[in-house]
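J.: Requesting a structural model of the entry that follows:
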Amino acid sequence: MFKAIATSLLWLTSLPVCIYTLITYLFSYTLVLDHWSAGFVMMSLPFAMLGCFIIAFTWLFIRPVRAILPIMILALGYPFIKRTIVFKDPQRAANSLSVFSYNVFGFYGDNNDKQKAKKLMSYCIDYEADIKCFQEFYNVDDDANFQSLIPMLKENPYFISNKEKWNPGMMGLIIFSAYPIINRDGKTFGRSNSNGYLMADIARKKDTIRVINIQLQSMGIRVNKVVNGVKGEDYEEAKKEGRGIISSLKRGFEQHSQEIEPIERLINDSPYPVILCGDFNETPYGNAYGSIRDRLKNAFEEAGNGFGFTLNRSPRIVRIDNQFCSESVKVLDFKTFSNVKLSDHYPILGRY
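T.: Have a look, this model is predicted:
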């Protein structure tokens with residue numbers, strides 16, 4: 001009798017998990033609900049799929065016929081596995097274009113850490129790429145330790161930024177190019193110094209390509225503070241931080257839905273192939289990622305290797321920095337440099 005009750009409870013648990021997983025697919029495939037709550041549902045997709053996998057695995061040993069439902073649902077979610085992990089070999093071509101993207105955390109300018117700034121700055125200056133896109137870029141013209149703009153121009157002499165003047169403590173977006181920039185546009189979101197987008201139409205030989213550099217609103221997730229509160233048995237502080245995370249996520253999802261609209265127009269109206277890169281500040285299951293993916297293909301999914309996690313701080317196991325490109329552009333290789341621990345993000349490189 002106990003076995004029958006346990007089996008019934010397991011089945012009653014299986015059905016809601018399977019239904020919820022289907023709902024996460026619906027939101028993530030169709031973006032059917034333009035509301036911040038959809039962001040929470042989409043963000044939970046990998047956990048829902050994990051739940052389906054555990055249920056399927058359990059039923060295989062109890063009553064295999066009941067494993068068919070969760071297995072079928074997992075099969076429907078196969079395209080989302082591609083957003084999570086891929087294994088592709090790099091390809092070569094004589095006429096490739098390299099695009100380097102990196103959130104440099106202001107070169108630690110806010111902390112005035114000159115040694116870290118020098119090391120991080122040298123890496124960014126010395127790394128060879130046709131196009132370099134930086135988020136949270138920082139420059140102080142009259143301080144040699146944080147004078148990052150001029151050295152960058154040696155190999156990439158053309159640039160645009162969303163700052164007319166780089167004041168101390170001010171970070172922003174910037175694009176450096178080895179080829180002429182023939183058209184430009186940009187916008188800063190709200191009162192933020194660093195969130196926004198830049199667009200550069202770049203003429204390379206007989207081709208012109210539109211490069212877009214973005215940084216969406218940060219979610220401000222401080223998982224480490226919640227963990228530290230629990231470890232220190234300061235449960236009130238942990239609860240406070242937990243509520244703060246939920247509030248930040250809600251605000252972030254609301255703002256991302258607004259921020260992504262002008263970027264969608266830049267893609268839709270482009271007369272040239274597009275390469276878009278930057279810090280999305282959300283996982284590959286979010287609304288902004290899905291919206292761009294409807295228009296462009298993701299470079300990691302096309303030519304990456306492994307999980308491609310890009311965050312060098314808690315929660316770490318997320319990929320929030322991305323590159324996308326038009327269907328007409330072939331992705332030869334995509335790398336995440338997880339061994340470069342100079343910022344709170346890892347740099348990424350796409351070859352096209």
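
J.: partner strands of the helix or strand encompassing Glu136, parallel or antiparallel?
T.: According to DSSP states H and E, Glu136 maps onto strand 131-138. Strand pairing for strand 131-138, determined by DSSP bridges: strand 98-103 (parallel), strand 171-177 (antiparallel).

J.: moving C-terminal of the longest one, what's the next helix or strand?
T.: Right, strand 171-177. Once the chain leaves strand 171-177, the next helix or strand it forms, by DSSP H and E, is strand 181-188.

J.: State the mean pLDDT of whatever helix or strand comes next after that next one.
T.: For strand 181-188, the succeeding helix or strand toward the C-terminus, using DSSP H and E, is strand 196-204. Per-residue pLDDT over strand 196-204 has a mean of 97.

J.: Next, give phi and psi for the nearest residue to Ile125 once chain neighbours are set aside.
T.: Sequence neighbours aside, Pro151 is the residue nearest to Ile125 in space, at 4.8 Å (criterion: Cβ to Cβ, 6 or more residues apart in numbering). C-beta coordinates here come from the backbone N, C-alpha and C atoms, glycine included. The phi/psi pair for Pro151 (degrees, to the nearest 10) reads phi -60, psi -30.

J.: where's Pro151 relative to Lys118, distance?
T.: To Lys118, Pro151 is 11 Å away according to Cβ to Cβ, to the nearest Å.

J.: just Arg184 next, same as before
T.: In terms of Cβ to Cβ, Arg184 sits 30 Å off from Lys118.

J.: Ok, Lys297 next?
T.: 37 Å.

J.: How many residues are close by the closest residue to Ala56 other than its chain neighbours?
T.: Leaving out its chain neighbours, the residue that sits closest to Ala56 by Cβ to Cβ, 6+ apart is Pro70, at 3.9 Å. Neighbours of Pro70 under the rule other Cβ atoms under 10 Å: 25.

J.: Ile62 contacts Leu10, correct?
T.: Yes - between Ile62 and Leu10 there is a contact at 7.3 Å, judged by Cβ atoms under 8 Å.

J.: For this protein, which segments count as helices?
T.: Per DSSP state H, the chain carries helices over the ranges 2-30, 36-43, 45-62, 68-76, 78-84, 114-126, 149-152, 223-231, 235-268, 287-293, 299-303.

J.: With distance to Ser101 and mean pLDDT added, can I get the ones you listed in a markdown table?
T.: Output for the helices of the chain, formatted as a markdown table (distance: least, Cβ to Cβ, whole Å; pLDDT from 0 to 100):
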| stretch | distance to Ser101 | mean pLDDT |
| --- | --- | --- |
| helix 2-30 | 24 | 82 |
| helix 36-43 | 23 | 65 |
| helix 45-62 | 24 | 90 |
| helix 68-76 | 32 | 92 |
| helix 78-84 | 18 | 87 |
| helix 114-126 | 11 | 89 |
| helix 149-152 | 14 | 92 |
| helix 223-231 | 24 | 46 |
| helix 235-268 | 15 | 72 |
| helix 287-293 | 14 | 89 |
| helix 299-303 | 10 | 97 |
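
J.: most tightly surrounded among those?
T.: Neighbour counts (mean count of other Cβ atoms under 10 Å) averaged over each of the helices of the chain peak at helix 299-303, with a mean of 24.

J.: packing partners for it?
T.: Packing contacts for helix 299-303, counted by 3 or more Cβ pairs under 8 Å, 6 or more residues apart in numbering; DSSP states H and E, involve strand 321-325, strand 333-336.

J.: Show me what the longest one is packed up against.
T.: This points to strand 321-325. strand 98-103, strand 274-279, helix 287-293, strand 297-298, helix 299-303, strand 348-351.

J.: That strand pairs with which strands?
T.: In its sheet, and by DSSP bridges, strand 321-325 pairs with strand 274-279 (antiparallel), strand 297-298 (antiparallel).

J.: Nearest to Gln91, out of those strands?
T.: Closest of the strands paired with strand 321-325 to Gln91 is strand 297-298, at 14.9 Å (criterion: Cβ to Cβ).

J.: from the chain's centre, how far out does the closest one sit?
T.: 12 Å (Cα atoms, centre = their mean, to the nearest Å).

J.: in this structure, which residue is closest to the centre?
T.: By Cα atoms, centre = their mean, the mean C-alpha position of the chain lies nearest to Ile320, the distance being 2.2 Å.

J.: pretty sure that one contacts Gly286?
T.: No - Ile320 lies out of contact with Gly286 (Cβ under 8 Å); the separation is 9.1 Å.

J.: shared neighbours of the two, anything?
T.: Residues touching both Ile320 and Gly286 by Cβ atoms under 8 Å, 6 or more residues apart in numbering: Phe280.

J.: Any chance of JSON lines for the helices of the chain, columns distance to Glu327?
T.: Formatted as JSON lines, these follow (distance: least, Cβ to Cβ, whole Å):
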{"stretch": "helix 2-30", "distance to Glu327": "19"}
{"stretch": "helix 36-43", "distance to Glu327": "24"}
{"stretch": "helix 45-62", "distance to Glu327": "25"}
{"stretch": "helix 68-76", "distance to Glu327": "24"}
{"stretch": "helix 78-84", "distance to Glu327": "16"}
{"stretch": "helix 114-126", "distance to Glu327": "30"}
{"stretch": "helix 149-152", "distance to Glu327": "31"}
{"stretch": "helix 223-231", "distance to Glu327": "36"}
{"stretch": "helix 235-268", "distance to Glu327": "12"}
{"stretch": "helix 287-293", "distance to Glu327": "12"}
{"stretch": "helix 299-303", "distance to Glu327": "11"}
